[in-house]
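A.B. asks: Provided below for reference: sequence and predicted model.
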Amino acid sequence: MYEYYTKGTCSKKICFDIENGKLHSVHFEDGCNGNLKALGILAEGMGAREIAQKLKGLCCGKRGTSCGDQLARAIEANL
């Protein structure tokens with residue numbers, strides 16, 4: 001299980017697994033509960049690199065990042 005402490009978002013931490021290049025058990029601590037549960041469900045079993053490419057650079061308002069972008073950074077830091 002990987003843990004990544006986010007920066008610049010309402011969520012504080014992301015936990016996830018990568019098995020055989022696939023993303024599993026994505027869980028966000030804090031943040032927009034419904035949206036982040038949905039993101040975890042949609043990402044389940046997908047290629048970690050593919051998810052990172054799709055989510056990298058997404059911004060939430062003027063923050064310069066988002067929970068999705070933070071997930072991409074977390075994946076890249078653990079590949």
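C.D. replies: Ah, there it is.
A.B. asks: Helix or strand for the residue nearest the centre of the chain, just tell me which one.
C.D. replies: Computing the C-alpha centroid of the chain and ranking residues by CA atoms, centre = their mean puts residue 71 first, at 2.2 Å. Assessed by DSSP states H and E, residue 71 sits inside helix 67-77.
A.B. asks: What of residue 35?
C.D. replies: Using DSSP H and E, the secondary-structure element containing residue 35 is helix 33-43.
A.B. asks: tell me what that helix is packed against?
C.D. replies: Helices and strands touching helix 33-43, by 3 or more CB pairs under 8 Å, 6 or more residues apart in numbering; DSSP states H and E, are strand 22-29, helix 67-77. C-beta coordinates here come from the backbone N, C-alpha and C atoms, glycine included.
A.B. asks: So what touches that helix?
C.D. replies: Identification of contacts with helix 33-43 by CB atoms under 8 Å, 6 or more residues apart in numbering yields 11, 23, 25-28, 51, 67-68, 71.
A.B. asks: Recalculate using a threshold of 7 Å.
C.D. replies: Outside helix 33-43, the residues within contact range by CB atoms under 7 Å, 6 or more residues apart in numbering are 11, 23, 26-28, 51, 67-68.
A.B. asks: In ChimeraX, how would I select just the buried ones from the residues you listed?
C.D. replies: Buried members of these can be picked out in ChimeraX with the line below, counting by 16 or more other CB atoms under 10 Å:
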select :11,23,26,28,51,67,68
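A.B. asks: Quick one: the contacts of helix 33-43 as TSV, columns for pLDDT and distance to residue 34 too.
C.D. replies: Shown next, in TSV, are these (pLDDT from 0 to 100; distance: CB to CB, whole Å):
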residue	pLDDT	distance to residue 34
11	96	13
23	98	19
26	98	14
27	97	14
28	97	11
51	97	19
67	97	12
68	97	14
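A.B. asks: Nearest to residue 45, out of the contacts of helix 33-43: which one, please.
C.D. replies: The shortest approach to residue 45 among the contacts of helix 33-43 belongs to residue 23, at 7.1 Å (CB to CB).
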